[in-house]
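Colleague: Need the 3D shape of this:
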Amino acid sequence: MLFYEKTLSFISDLYKCVAGRVLCQLQACGAADVDAAVRSASAAFTVWSKLAGMERARVMLEVARLIGVDRNALIRHPDTLHNSAALIQVVLSLIFSVISVVGLGYSFSGQHVQLPGGSFAYTRREPLGVCVGIGAWNYPFQIAAWKSAPAIACGNSMVFKPSPVTPVTAVLLAEIYSQAGAPEGLFSVVQGGQETGSLLCHHPSVAKVSFTGSVPTGKKIMEMASRGVKPVTLELGGKSPLIIFEDTDLENAVRGALMANFLSQGQVCSNGTRVFVQSSILPPFLKEVARRTKAIQIGDPLLDETRMGALVSKPHLEKVLGYVTQAKKEGARVLCGGEPFIPADPKLKDGYYMTPCVLDGCTDDMTCVREEIFGPVMSVLSFDTEDEVLRRANDSALGLAAGVFTKDVKRAHRVIENLQAGSCFINNYNITPVEVPFGGYKASGIGRENGQVTIEFYTQLKTVVVEMGDVDSLF
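Modeller: I've put the predicted structure just below:
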């Protein structure tokens, strides 16, 4: 049996644990462990960076193939084990994250600049070195793939620290890289929390840090990396607006609002949790969105019919429920949900479930509208004019995503142009194909993940000037 297949078996056994119980204990990595991982990654980089792009691509294709071989096991266990992501929401995130970046490794292109007298200059893109990836707990396998695949395809090595809440699946990915023929240490995993992350950011041999997580932690990472003049990619929080105009297809708008709020139990940074609905269509929208929200199937995330699993932890569940309580105190009306939920299956009775919540009568100054809840809570606000809603939508320190529903093509593009957000959607929401860049404005982050532009964030540009004549010297 392959090593990573043994890990899959281990994960499968873990999943048999009753919901709400500890799955396993891992030891946090200290300074010696982090240094060993970085040194190993440095040695791997020396070998890997010298390979031709096509040689690196062959390894990456094998990584994708291995994920495909056991995709059913991968789909059914890692992310659902960690954070109860519904099976149907995990299916498409595994293979394509790796396959889509294979071309990056051999598609580098520089610029040729003709200079006087036959001289010329050219540019070339070169890898950075040892990159650090620090992941969030909501999409542990996908984030590890999103960070490592482009970094490695561009000729770098990576030391990855998963969230201490979801530590297992990154190890599985490391084993897959090894099985695919990657040099030892090319993708290493270190476990731990804030202290381990700090050791990675401060390590003198680390060339770049890529982080997905909260705004406060992102600011700390940026500060630590700045001491070594290390570039960072930061994909941080969001409090994104979803604007629904009166001329929209109401059926699609409701579907979009549900996707924008309840995907992965609402534990998605790009979720459109401020739903602005034009006043004239507010009553039918609220009626339909509440009806559909009440019908969402909650329970075992491994069942095909399940659309919502449990939240990631008890403290997080209590935090999200606290936001609902605070919203009611501030005058919001609960149309449905916002309560603890106990599934019928006795094995799930200790899981951290809640009913998805729709809040009506929300205003811009409410806590539920200002702060990122990161749970299945939709805040609905009404508006009258385009200018008004644009001003209100942009009144946030965050700018990760935004969406608009309208049949008016001119309005759609006009509104998107004026929204201060890095990832925008027209007549849909939370569609994140790996072929296109993803990232935010303002406090929601720096840099982009996915798409061809990723090359710019995992390479450095070298300029070479070639003199074809005599040196014209002033001395």
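Colleague: any idea which element the residue nearest to residue 463 when sequence neighbours are not counted lies in?
Modeller: Take residue 463 and drop its neighbours on the chain: the residue closest to it by CB to CB, 6 or more residues apart in numbering is residue 123, 5.3 Å away. The C-beta positions use only the backbone N, C-alpha and C, and glycine is treated the same way. Assigned by DSSP states H and E, residue 123 belongs to strand 120-127.
Colleague: so what secondary structure elements neighbour that strand?
Modeller: If contacts are counted by 3 or more CB pairs under 8 Å, 6 or more residues apart in numbering; DSSP states H and E, strand 120-127 sits against strand 112-114, strand 459-466.
Colleague: how about TSV for those, with distance to residue 39 added?
Modeller: Below are the helices and strands packed on strand 120-127 laid out as TSV (distance: least, CB to CB, whole Å):
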stretch	distance to residue 39
strand 112-114	38
strand 459-466	22
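Colleague: Now do the strands in the stretch 351-475 of the chain.
Modeller: Taking DSSP state E, counting those that start in this stretch as the test, the strands found in the stretch 351-475 of the chain are 353-354, 357-360, 377-383, 398-399, 401-405, 423-426, 441-442, 445-446, 459-466.
Colleague: Give the buried residues for the strand holding residue 123.
Modeller: Going by neighbour count (16 or more other CB atoms under 10 Å), the buried part of strand 120-127 is 125, 127.
Colleague: mean confidence score for it?
Modeller: When pLDDT is averaged over strand 120-127, the result is 96.
Colleague: what's downstream of it, the next helix or strand?
Modeller: In N-to-C order, the element after strand 120-127 by DSSP H and E is strand 130-134.
Colleague: So what touches that next one?
Modeller: With CB atoms under 8 Å, 6 or more residues apart in numbering as the contact definition, strand 130-134 has outside contacts at 38, 41-42, 45, 143-144, 147-148, 151, 156-161, 197, 200-201, 203, 205-213, 221, 458.
Colleague: Show me what that strand pairs with in its sheet, parallel or antiparallel.
Modeller: Here strand 130-134 has these sheet partners by DSSP bridges: strand 157-161 (parallel), strand 206-212 (parallel).
Colleague: Rounded mean pLDDT for that strand, please.
Modeller: Averaged over strand 130-134, pLDDT sits at 98.
Colleague: Alpha carbons only: can I get that strand in PDB?
Modeller: Backbone C-alpha positions of strand 130-134 (Å, rounded to 0.1, in the frame of the first residue of the first chain) are rendered in PDB as follows:
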ATOM      1  CA  VAL A 130      11.800  28.700   0.000                       C
ATOM      2  CA  CYS A 131       8.300  29.900   0.300                       C
ATOM      3  CA  VAL A 132       6.100  29.600   3.400                       C
ATOM      4  CA  GLY A 133       2.400  28.800   3.100                       C
ATOM      5  CA  ILE A 134       0.200  29.300   6.200                       C
END
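Colleague: Give the next helix or strand downstream of it.
Modeller: Next along the chain after strand 130-134, taking DSSP H and E as the criterion, comes helix 140-153.
Colleague: Dump the helices and strands packed on strand 120-127 to TSV, plus mean neighbour count.
Modeller: TSV is the format used below for the helices and strands packed on strand 120-127 (neighbours: other CB atoms under 10 Å):
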stretch	mean neighbour count
strand 112-114	10
strand 459-466	12
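Colleague: These into CSV, with extra columns for mean pLDDT and distance to residue 302?
Modeller: What follows is the helices and strands packed on strand 120-127, written out as CSV (pLDDT from 0 to 100; distance: least, CB to CB, whole Å):
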stretch, mean pLDDT, distance to residue 302
strand 112-114, 97, 54
strand 459-466, 97, 40
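Colleague: Indicate which one of these is closest to residue 172.
Modeller: In terms of CB to CB, the element of the helices and strands packed on strand 120-127 nearest to residue 172 is strand 459-466, at 27.4 Å.
Colleague: Mind giving me the packing neighbours of that closest one?
Modeller: If you count contacts as 3+ CB pairs under 8 Å, 6+ apart, strand 459-466 packs onto strand 120-127.
Colleague: In its sheet, which strands sit next to the strand it packs on, and in what direction?
Modeller: When DSSP bridges is applied, strand 120-127 pairs with strand 112-114 (antiparallel), strand 459-466 (antiparallel).
Colleague: Residue 240 contacts residue 276, correct?
Modeller: No. Using CB atoms under 8 Å, residue 240 is not in contact with residue 276; the gap is 10.9 Å.
Colleague: Pick out whichever of the two has more residues nearby.
Modeller: More neighbours surround residue 240 than the other of residue 240 and residue 276, with 32 against 24 (other CB atoms under 10 Å).
Colleague: picking up where we left off before, what angle do the strand holding residue 123 and helix 140-153 make?
Modeller: Going by axes from the mean of the first three to the mean of the last three CA atoms, to 10 degrees, strand 120-127 is angled at 140 degrees with respect to helix 140-153.
Colleague: low pLDDT regions in the protein?
Modeller: Residue ranges of the chain with pLDDT under 70: 1-20, 69-107.
Colleague: which residue is nearest the centroid of it?
Modeller: The centroid of the chain falls nearest to residue 143 when counting by CA atoms, centre = their mean (5.6 Å).
Colleague: quick one: it and residue 135 touch, right?
Modeller: Yes. With contacts counted by CB under 8 Å, residue 143 reaches residue 135, the gap being 4.3 Å.
Colleague: coming back round to it: ok now do the residue nearest to residue 463, which residues does it touch?
Modeller: Taking CB under 8 Å, 6+ apart, one finds 110, 111, 461, 462, 463, 464 in contact with residue 123.
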